[in-house]
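Asks: This is a predicted model, with the sequence first.
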Amino acid sequence: MDTEQIKERVGSRAVDDYVTSGMKIGLGTGSTAVWAVRRLGELLAKGALKDILAVPTSSQTIMECQDLGIPLRSVNDPEVSGELDLTIDGADEVDSSLFCTKGGGGALLIEKIVAYSSKRFIIVIDENKIVSNLGLKFPVPVEVVREARVPATKAMEHLGARVEVRMALKKMGPVITDNGNIILDIRFDGPIDPMEMEQELNHIPGVVENGLFTRIKPIVLVGTTSGKVQRYTSDEIPKSE
Ligand code: 5RP
């Protein structure tokens, strides 16, 4: 199977295995999570699923849901009231403790609000996302208010990070998130403690949120080239780099 087929398989599987009618669900962002959104749209259109309330995590997901006719809510709406049954989302890296890094698509702030408001968090990835240590290969994205760019950069360098402002590709200047902030992508030269680092980063003035997700234990579905989807909970994920 090629990468796109793997993403489709694992994204769809999350919906087939975990979503039932009447649920309030968070819908993630990215090229894998979008397949969960599409599968949900398909099952709603067929009538195989009913009465779903979906909370999107980005402009990408809002547009996809609108095109598919998936009913959208905010996590603040009274029917949702800050509590979701489950969220399905992608990740950039997952380690052997099932801690993960998210935010490659720049949506980490709303993704974290939605994930941390969910009873269950389902991560959908391909096997290339499994790493021994977070933040060495793929950067940890940190959403920062624009005015804090330089002092926040210095504070992160103090924590041992190499910091880069994420630049836009089809616009001059930095990426501006859905929330009007910039993203600092930070890399480390050696292993970090993800739980500690998640907290440390958020103590820096001007940091709105960071892409380390350590305070919710996900169920991780891993799509493989053979077409199989492996499922990991707690510490069962294979160690590799
Ligand atoms: C967006 C995210 C994505 O879930 C993450 O970047 C993975 O995306 P993809 O499935 O396209 O590799 O966190 O902010």
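Replies: Alright, I've got the coordinates.
Asks: residues making contact with the lengthiest strand in the chain?
Replies: When the chain is parsed with DSSP state E, its longest strand is strand 118-126. The contact list for strand 118-126, computed with Cβ atoms under 8 Å, 6 or more residues apart in numbering, reads 3, 6-7, 10-11, 13-14, 18, 26, 28, 32-33, 35-36, 83-91, 94, 98, 100, 115, 213, 216-224. (Glycine included, C-beta is placed from N, CA and C.)
Asks: In strands, which of the residues you listed fall?
Replies: Using DSSP E, the contacts of strand 118-126 in strands are 26, 84-89, 94, 100, 213, 219-223.
Asks: before we move on, the earlier item: so what are the sheet partners of the longest strand of the chain and their directions?
Replies: strand 84-89 (parallel), strand 219-223 (parallel) (DSSP bridges).
Asks: Switch those strands over to CSV, and while doing so, append distance to the ligand to every line.
Replies: Below are the strands paired with strand 118-126 laid out as CSV (distance: least, Cβ to the nearest ligand atom, whole Å):
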stretch, distance to the ligand
strand 84-89, 5
strand 219-223, 10
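Asks: mind putting the ones you listed in JSON lines, mean neighbour count and mean pLDDT included?
Replies: Listed next are those as JSON lines, based on neighbours: other Cβ atoms under 10 Å; pLDDT from 0 to 100:
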{"stretch": "strand 84-89", "mean neighbour count": "25", "mean pLDDT": "98"}
{"stretch": "strand 219-223", "mean neighbour count": "23", "mean pLDDT": "98"}
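Asks: packing partners for the lengthiest helix in the chain?
Replies: Identified as the longest helix of the chain according to DSSP state H is helix 3-18. When contacts are defined as 3 or more Cβ pairs under 8 Å, 6 or more residues apart in numbering; DSSP states H and E, helix 3-18 sits against helix 33-46, strand 84-89, strand 118-126, strand 219-223, strand 229-232.
Asks: Can you select the buried ones among the contacts of strand 118-126 for me in ChimeraX?
Replies: ChimeraX command restricting these to the buried ones, with burial defined by 16 or more other Cβ atoms under 10 Å:
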select :6,7,10,11,13,14,18,26,28,32,33,35,36,84,85,86,87,88,89,90,91,94,98,100,115,213,216,218,219,220,221,222,223
